[in-house]
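[1] sequence unknown, structure follows:
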């Protein structure tokens, strides 16, 4: 078995940490139990390009339990946990190609290594496997039955390909599942973004002014948690509906040129580019902290910041101090990359449990339905979504009411009433 | 001019109160100003069947300013404000047929009075005008160009008619506008439900256990405000996704047979029937308060409560005490009717501002587009929705960012990134 | 039996409302049960000068159950509930001198009527009985064994008298009890202030900017509840410690000349004078709402507002509109009197339960200890305070842990540890 | 110069981190500036026994700037940051005796090294210097002018010594300053406790049930932040007043034998012993996480847990898994030591800023007042406390109102009003 990892001696630590994450992933556990018995993925080759973390490891182990032959590579050179890569390759028998901090060349060689497993199912986090299959490895397309995509960003790309007519196989958009986007973006990103900032800076949120840039699911998670930690929280938006919602939720909404002047901590979560830029840096308070929790590191215009600075120095792990001409220091965290992955541990296992339950069940669904599907992006089937929510609630010791017969009749009838 | 009101002497008070509400309706104000100049509804006959309140009055005045000949009747016999009906009829020149507490016969005669104006546009809150036009007054259908419907309940009926193929003209579902359902159900119902309970009972929420039945928009409004007032808040649900969201928002989720044992105050907002019923009343604490903030008064099974009671007495306006065999007293508020309309003043004008801005702009839209529309239920056009949000934000002294050219380009391109 | 009430026909309604309040006063109920058996106040003459409300009625009934001969008069001409006065006089046999809206002369004649009962125990809410006994009725002082005082304002006066050496008998300051000031000021005033504003104006709090003037117990109650209803909440303070606490609790703190420019709703709760004054009115937004929830109506400088206005009109019950030269309208609620008493029902019975349990038990304590006490202001004995908290918790179905023997030993020893 | 540190090569890193902390300590900065000019501690020998952290370093540097000769040793063998000890000794010229993980013998030799500097002022965190001076080094007592004590625990000991008559010099209790206990215990411990738990376990708080044991300042901080992160939060108490406050703040209050059955995460902050013990472990859910954020590691009865376990293993840094006979696993964090110090970085610099400003100003005060003081524990003078609050607020860009002349007069007079 081939693989490419940093250090095999990290295997034991990796196992321990994978098991710890598993403890918070009860839904995936229950799917794994069923997969072990039913082997729905028997003999199927899966190429997965995901963040190589403890949670992903549990997904890989689940797919293998279902009978799949899985190859894993990193979807981001910086998010790889080397002990996990070691444990997967050495202990769990899942070939993994991922080394934290790998350069661009290695990154692509790893991607190709995964593709060379000639996948029948692909799992992407940013559509990189799909992209390469549709360009350099078009010959392999004929083996592929279908795929899944984890992120919004990837889905945007895939929809563009679908529109172009270039997409060659059906893909399920995991991100559209309610149990995914409503939970990991809001609750996962909310907590882990604050966690990343605190680990990087150890600042106290109480009494600080936090500016959350964007009030999408991630933004409302971050805003809600920042307020929960005692910060005065300000939101900026471009969409009037989201802006209005933020106001009604009790936040101040103002344009960035105004917010820039009063913020202590800025968090970008827009999916857009240069939402913090030169004109904003110039008016920020001395000591302002800026960071990003959106997918790409283009949300903060770092080149502009650099060109405004008279000096730049690293003052702490993850903290770079830019001194401007007016004497003010601006602290950029983690080079503008995802702060929750860079300085903390990304989403807690508990939310990844649902995302990855969607992955596992969507892979199973794809296998039994691909022949009926077109070459386009599909949503996760509603019954999969609801079943995951039900399993999760149960694992949290919470339970629901059940409709009485009378109620079912009532809800399905429009005549009754008044 | 014909009309039917309780007491013309209430006119002055009605004017004063209508003006007070107008103060909180800046979006409708700005539409009214434009309508006065452009007269987009010139000569059009409108029959509106809505709750006759100060906010509705401002909508009627706005339609009239736009050139319409409006006739108004009550959509609910109990929600009419007699001073408003007087002011509309006597001062604003808008014939109104509504008397608070009118019996069923009068209610229907009022509805027919409105229909006899031979409307070209209908405005409904529960689809009563539509219903009557499609049964008893089918001859009048030929004049109708289109209509609007305010509530979910009405839309459910209209969609059923559309499915049956019986619906004879296009209708815009106001409730589907984001500026409607995301705001009046959540923020309006949230505050006004608590307001109604407090006015009826003067209980302190801090330290009480509040059970919110249903975690839809109304339910999450009520739950959020109950917690905001210091109550321990419990949610019951039948939908796993909503239940999970409630848990992640920090609420306990449990079935009603358990919640019934620990609640001090119960609020039903499900749109369903008998969500509080005999089996629940039997296990409630002594002194439990139960009320409804959903559309119909069937959410609480009042006949079952009555049959369990050894005595029933009115202990306070809006409060009926049911004494059970076990000696426990259960307090039912406002006969299970909408507590926020019965014991308080319904939605604050500030949220009705957006609902009714949707009504006014949808009526205008219908007039210029009806010939292109099918006999079905339509959503409010997105640009209307967004424009209302923008106007509202502006009136709140909040403002948005605007996309730079670079950002617009970035968002419309899928190639950039990584 | 002599008394002076508005209308005896209100008796039945009064009884009903007194019983309703009693439902939320379980601590006072349990004291009443014991008093009925033990008669600790047997034959004692009590003169009480308190707000004549349903909760006060239950205190009076409790004192009578303990054997006292009680006379009650109003501590404020506007807060009297005429049905309660009727029920107390006609049904419960407690002579009451109080008519809502009585003029100054009647007010003082009622006060004198209570004093002429030659009290042995006095109960004050603002030290009026004490004041009159020490001036016009000094002869009666010899009968008095001791008294109680409900408010901070009264205690300030009494402490001044103690300092002067003019105070002639011991008084227990109810307001100093933790179960009083920590609960009714914070939770009671918090909810009832918002309730008063909503009843007077029907404004939606979500999305509004609320300025809370003063961050004492009342202020933090109002600020916390305003935020709980979705308002952006700003605090002004003069004390750096309280100001800092407000900031750490997530509120913005700024001076009033700045806050005046951004507030939609202003609530004064400082105990100070003219905290809103001319310089502030001039810069307020059009439509600003101002009200007071502090003891006296001097917190808002109404004469200054009047002199700035070009017109003043009553636009709604409890709402007076002042139009300034710049065209802005400012809405003053309830003439600057306590908004929660004027427009709503004051503190919910649930918090008065604890205040009045302190009154009842302090009266009992005074009778058995007055001979050992000096002519000064005393705090409520700690064991009374704790017992009330324990009873209240129990009534709310909550319970505490009990120290183990090992823990008691640990806590009383300083040697153990590290 | 003598010192005892782990590794001089850590100096540079230590400097960097000390400077980073200084950035969040504006109050101490402003004191340092004044001290540099006025040298109020000129030539004074100070022995400080504190946690050797970046914030303490800034206090030491401030004292030295004021002219003092400072010697520092660790108040806890586990909290020492070796880079800070290196930087202080090698770069800032402050002899430091502290090595992370030092054994008991080294710990005491370090304490003695500090005492042998023959201090004139002592600074304690747990009264260890005072204890040793009063036992083994009584000869040195004659040089000591006074001291300060940081913690409640130390103050309890010192008050016992004062009562015994054994305390030989005056000591200022820093913990009693409002700017200390109201802020670091509540806001500092609140955030850092959650931070410690998240770093140790990476659990998601949203949807979890968190049991906070004790509702003192630390407990309400932890409870408020846990709720702010989306957890259902339960409180246990032994004091009825605190219990009642918790209920009114919206928390459930129940005895531990009940809470133990429903908690996912337990946080002890009582100052008491064995608040989690055998009877509780037996009924906990599988996977329960238990930790302590109180001063001593006796709050959790670890011996009892060990005796109940069939196996114990370390599953992750700071996480020990105890498997019980019923198959349930309980996870103990950081051996029951202060979780916020063990797994996170303790209080953020921003709150230590105020504690240590109190230390610096109290040392200055002691020097100029010791001759007038008795051999007892004193509170921090009120004007020091208020000045610190004022400086802190200013650093946060917040400002206060100032009393007008009229208001000052009003507040000082009791005659005015009704």
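    Noted; the coordinates are in hand. Everything numeric here is computed off the predicted structure, so don't read it as measured data. Numbers count the residues shown, from 1 in each chain, chains lettered A, B, ... in the order given.
[2] And stretch A:293-311, how far out from the chain middle?
    Relative to the chain's own centre, stretch A:293-311 is displaced by 22 Å; criterion: Cα atoms, centre = their mean, to the nearest Å.
[3] now check it, is it near chain B?
    Yes: applying Cβ under 8 Å from any Cβ of the partner chain, one finds stretch A:293-311 touching chain B at A:296, A:298. Every residue, glycine included, has its C-beta placed from N, CA and C.
[4] Now that stretch: average pLDDT?
    Regarding stretch A:293-311, the rounded mean pLDDT is 94.
[5] Same check on stretch A:54-68?
    On average, the pLDDT along stretch A:54-68 is 98.
[6] hmm, it touching chain D?
    No: applying Cβ under 8 Å from any Cβ, one finds stretch A:54-68 separated from chain D by no less than 8.8 Å.
[7] so where do the strands sit in the stretch 301-418 of chain A?
    Remark: strands assigned in the stretch 301-418 of chain A by DSSP state E, counting those that start in this stretch are A:309-316, A:319-324, A:329-333, A:377-379.
[8] Who are the packing partners of the third one?
    Read it as strand A:329-333. helix A:189-201, strand A:288-292, helix A:302-308, strand A:319-324 (3 or more Cβ pairs under 8 Å, 6 or more residues apart in numbering or on different chains; DSSP states H and E).
[9] next one: the last one
    Identification of packing neighbours for strand A:377-379 by 3+ Cβ pairs under 8 Å, 6+ apart yields helix A:152-164, strand A:171-173.
[10] what would the ones you listed look like in a markdown table with distance to residue A:335, mean pLDDT and mean neighbour count?
    A markdown table is the format used below for these (distance: least, Cβ to Cβ, whole Å; pLDDT from 0 to 100; neighbours: other Cβ atoms under 10 Å in any protein chain shown):
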| stretch | distance to residue A:335 | mean pLDDT | mean neighbour count |
| --- | --- | --- | --- |
| helix A:152-164 | 18 | 90 | 19 |
| strand A:171-173 | 29 | 98 | 27 |
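[11] which stretch among those comes nearest residue B:318?
    Between residue B:318 and the helices and strands packed on strand A:377-379, the tightest spacing by Cβ to Cβ is seen for helix A:152-164, at 48.5 Å.
[12] what's next to that closest one, contact-wise?
    A:124-127, A:130-131, A:134, A:149, A:167, A:171, A:173, A:175-176, A:181, A:271, A:295-296, A:375-377, B:414, B:417 (Cβ atoms under 8 Å, 6 or more residues apart in numbering or on different chains).
[13] ditto for stretch A:370-390
    With contact meaning Cβ under 8 Å, 6+ apart, stretch A:370-390 is reached by A:27, A:145-146, A:149, A:155, A:158-159, A:162, A:167-174, A:176-180, A:354, A:357-358, A:361-362, A:365-366, A:400, B:239-241, B:243-244.
[14] likewise stretch A:402-411?
    A:416, B:238, B:255, B:271-275, B:298.
[15] can you rerun that using 7 Å?
    Stretch A:402-411 is contacted from outside by A:416, B:238, B:272-274, using Cβ atoms under 7 Å, 6 or more residues apart in numbering or on different chains.
[16] and those, which two are the farthest apart?
    Among those, A:416 and B:238 lie farthest apart (Cβ to Cβ), at 18.1 Å.
[17] Neighbour count: these two, which is higher?
    Summary of the neighbour comparison: residue A:416 and residue B:238, criterion other Cβ atoms under 10 Å in any protein chain shown, with residue B:238 having more neighbours (20 against 12).
[18] quick one: residue A:180 from chain D, how far?
    To chain D, residue A:180 is 15 Å away according to Cβ to the nearest Cβ, to the nearest Å.
[19] how long is stretch A:308-321 end to end?
    Distance across stretch A:308-321, first residue to last, is 12 Å (Cα to Cα, to the nearest Å).
[20] just how off-centre is it within its chain?
    27 Å.
[21] how about the residues of the stretch 201-350 of chain A near chain B?
    For the stretch 201-350 of chain A, the residues in contact with chain B (Cβ under 7 Å from any Cβ of the partner chain) are A:236-238, A:240-241, A:243-245, A:247-248, A:253-256, A:272-274, A:296.
[22] Is chain D within reach of stretch A:85-99?
    No: on the criterion Cβ under 7 Å from any Cβ, stretch A:85-99 is out of touch with chain D, staying 13.9 Å away.
[23] and that stretch, average pLDDT?
    Here stretch A:85-99 scores 98 as its mean pLDDT.
[24] picking up where we left off before, export the helices and strands packed on strand A:377-379 as CSV, with columns for distance to residue B:63.
    Compiled in CSV, the helices and strands packed on strand A:377-379 are given as follows (distance: least, Cβ to Cβ, whole Å):
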stretch, distance to residue B:63
helix A:152-164, 42
strand A:171-173, 44
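[25] Below-threshold pLDDT in the stretch 301-418 of chain A: ranges please.
    Low-confidence segments of the stretch 301-418 of chain A (pLDDT under 70): A:414-418.
[26] Swap in 80 and give it another go.
    The stretch 301-418 of chain A contains residues with pLDDT under 80 at A:412-418.
[27] what does stretch A:9-29 contact?
    A:54-55, A:57-59, A:62, A:82-84, A:86-87, A:90-91, A:348-350, A:353-354, A:356-357, A:360, A:388, A:391-392, A:395, D:203, D:287, D:315-316.
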